[in-house]
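**Q** just the structure for this:
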Amino acid sequence: MEENNQGNGSKRIYLAIIALLLLINGVAGYLLYNENKQKEEKIVLVQQNDTEIKALTQKLDSSSHAYDALQGKNSELDSIIAEKKAEIEKTKAEIEVTRKRGNMSAAELKKYKELAAKYETDNADLQKKIQELTSKNEELTAKNLEVNHSLELEKNTTASLTEDKKTLSKKVELGSLLHLQNLTVTGEKKKKNGKEVVQKSAKKIDFIKIAFETGDNKVLEKGTVKLYLRIVNPKGETIALADQGSGTIKLADGGGDVQFSREVDMDWDQTSQKKSIEWSQNIKDPGTYKVEVYQSGYLVGKGSVELK
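**A** Just a heads-up that it's a prediction; the model follows:
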């Protein structure tokens, strides 16, 4: 009886030990399973984190390229674009440091995502602003071209009117010129009775006589008309004397100056007149004496006489 009691006691002890071992194994198995599960979850979390960091970095790179595309389109905004690119590079550097550290929190990831989204929004705003400025510049350029075109047309019109005015003025000026008719140059000697006799010898004449008719001219206004008489001796020199009022006049159309021998004033009434002028100084040398008559710088008549 005693032996049976001892056997049952040992059996219960063995069963208790086995139960304890089973419990220990169960707990150990559970702990090991739980640890493996946590490791797996951490690995998955790290992989997800890396994936999101890569996507975030790619997004930042894309934004940086987008800012590159805007560079140089508007000089006023280039400094802002450069600042944005510098901010993106700084953010990428911070992300890389955190990634290598391997402990980027959800809050940090959220912060960087928000920054990336902000860079995209800022880029879109800058694109819009550049487009607006470009449109305004194009509009201003178009207006400037229109204004310049109008100014050019006005300038051409003014130049044309000025040229027309000059042409008209020139026509009036030319229309106001006398066209001397029947101009003769003769060597004359005055007799005691006052009669003038034509002479061919330079030694015998008292003066050279220049005679002409003016012809009618209704364009030339009434009043005093100045004619300039030029007498050229056989040597080709203009006979000029201070006491005869000799001087120089400017030729029309920029032809320079010409010396004249005497100024002759006419009382003009727009009808044809006969006029004679006498010149007696320095005419004793034989040869050809040429005579030219000028009005307003234009040659309006000429003639010559040969004296022996």
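**Q** for the protein, just list every one of the helices.
**A** 2-70, 78-101, 106-175 (DSSP state H).
**Q** where among these is average confidence lowest?
**A** Of all the helices of the chain, mean pLDDT reaches its minimum on helix 2-70 (a mean of 66).
**Q** what about the closest residue to residue 201 other than its chain neighbours, how many neighbours?
**A** Nearest residue to residue 201, sequence neighbours excluded (Cβ to Cβ, 6 or more residues apart in numbering): residue 308, at 5.2 Å. All C-beta spots, glycine's among them, are computed from the backbone N, C-alpha and C. Close neighbours of residue 308, defined as other Cβ atoms under 10 Å, add up to 11.
**Q** cool, and residue 244?
**A** Residue 244 has 17 nearby residues by other Cβ under 10 Å.
**Q** which ones are touching it?
**A** Neighbour list for residue 244: 261-262, 281 [criterion: Cβ atoms under 8 Å, 6 or more residues apart in numbering].
**Q** where's the residue most central in space within the chain relative to residue 139, distance?
**A** Central residue of the chain (Cα atoms, centre = their mean): residue 148, 9.9 Å from the mean position. With distances taken as Cβ to Cβ, to the nearest Å, residue 148 is found 15 Å from residue 139.
**Q** for residue 251, which non-adjacent residue is closest in space?
**A** Nearest residue to residue 251 in three dimensions, chain neighbours excluded: residue 297, at 5.0 Å (Cβ to Cβ, 6+ apart).
**Q** touching, that neighbour and residue 249? I think so.
**A** Yes. Taking contacts as Cβ atoms under 8 Å, residue 297 lies within contact range of residue 249: 6.1 Å.
**Q** so who does residue 23 touch?
**A** By Cβ under 8 Å, 6+ apart, the contact set of residue 23 is empty.
**Q** for residue 281, see how far away residue 243 is.
**A** Distance, residue 243 to residue 281, using Cβ to Cβ: 9 Å.
**Q** same question for residue 209.
**A** According to Cβ to Cβ, residue 209 and residue 281 sit 14 Å apart.
**Q** please apply the same query to residue 250.
**A** Counting by Cβ to Cβ, the separation of residue 250 from residue 281 is 25 Å.
**Q** contacting residues for the closest residue to residue 271 other than its chain neighbours?
**A** For residue 271, ignoring the flanking residues on the chain, the nearest one in space by Cβ to Cβ, 6+ apart is residue 216 at 5.9 Å. Contacts for residue 216 (Cβ under 8 Å, 6+ apart) come out as 270-272.
**Q** how much space separates residue 216 from residue 226?
**A** Distance of residue 216 to residue 226, given as Cβ to Cβ: 19 Å.
**Q** likewise for residue 89?
**A** With Cβ to Cβ as the criterion, residue 89 and residue 226 are 89 Å apart.
**Q** residue 277 now?
**A** With the distance defined as Cβ to Cβ, residue 277 ends up 13 Å from residue 226.
**Q** settle it for me: which of those two has more neighbours?
**A** The neighbour count for residue 277 versus residue 226, taken as other Cβ under 10 Å, is higher for residue 277 (18 against 13).
**Q** residue 305 reaches residue 187, doesn't it?
**A** Yes. At 5.9 Å, residue 305 counts as touching residue 187 under the criterion of Cβ under 8 Å.
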